[in-house]
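> build me a model:
(one chain, ligands or ions: 1)
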Amino acid sequence: MKWTEFYKHESCGKCTPCREGTFWLVQILERMVHGEGTEADVETMLDICDNILGRSFCALGDGATSPITSAIKYFRQEFLDLIAEQPGVKRPEQLDDLVGAQA
Ligand code: SF4
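Below is the predicted model:
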């Protein structure tokens, strides 16, 4: 999510796919980590990335897609588990608590 927030922040807004796509990717990821994501969001993020990749003026747009597409490629089940709120899947705030407890 930090990567995507970075790309959203750094997007200059010249190209619609990058300007709108990075905004929507952050919106979807925020929904997911707050327990309001849906399984369709995973495919929606891939669709958004398809619309950014190769359709942006500079490398920032293309670069914004890699963290999302790679994360879904290698961790799709973790996205689905987070969405389903299955036991054992730690939410970001729970991970902070675990790190704090170990320190
Ligand atoms: S791809 Fe580059 S030029 Fe286009 S909006 Fe993003 S940062 Fe600006």
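> what residues does the protein have near the ligand?
Within the chain, the positions adjacent to the ligand are 11-15, 18-19, 56-58, 60-61 by CB under 6 Å from any ligand atom. Every residue, glycine included, has its C-beta placed from N, CA and C.
> can you rerun that using 8 Å?
10-19, 22, 52, 56-62, 64 (CB under 8 Å from any ligand atom).
> just those: which are in helices?
Among the residues of the chain next to the ligand, the members falling in helices (DSSP state H) are 10, 16-19, 22, 52, 59-62, 64.
> how about R55, nearest residue that isn't a chain neighbour?
Excluding the flanking residues, the one nearest R55 by CB to CB, 6 or more residues apart in numbering is P17, at 4.5 Å.
> pLDDT score assigned to C49?
C49 is assigned a pLDDT of 97 by the prediction.
> what packs against the helix or strand where it lies?
Using DSSP states H and E, C49 falls within helix 39-52. Secondary-structure packing of helix 39-52 (3 or more CB pairs under 8 Å, 6 or more residues apart in numbering; DSSP states H and E): helix 16-33, helix 59-84.
> just name the most buried of those.
Of all the helices and strands packed on helix 39-52, helix 16-33 has the most neighbours on average by mean count of other CB atoms under 10 Å, namely a mean of 19.
> between helix 59-84 and it, find me the angle.
Helix 16-33 and helix 59-84 are oriented at 20 degrees to each other (axes from the mean of the first three to the mean of the last three CA atoms, to 10 degrees).
> contacts for helix 16-33?
1, 4-5, 7-8, 11, 13, 37, 41, 44-45, 48-49, 51-52, 55-57, 60-61, 64, 68, 79, 82-83, 91-92 (CB atoms under 8 Å, 6 or more residues apart in numbering).
> mark which of those residues are buried, thanks.
4, 7-8, 11, 37, 41, 45, 48-49, 51-52, 56, 60-61, 64, 68, 79, 82-83 (16 or more other CB atoms under 10 Å).
> how much space separates Q77 from Y7?
24 Å (CB to CB, to the nearest Å).
> no, scratch that, I was asking about D50
As judged by CB to CB, D50 and Y7 stand 16 Å apart.
> thanks a lot, see you next time.
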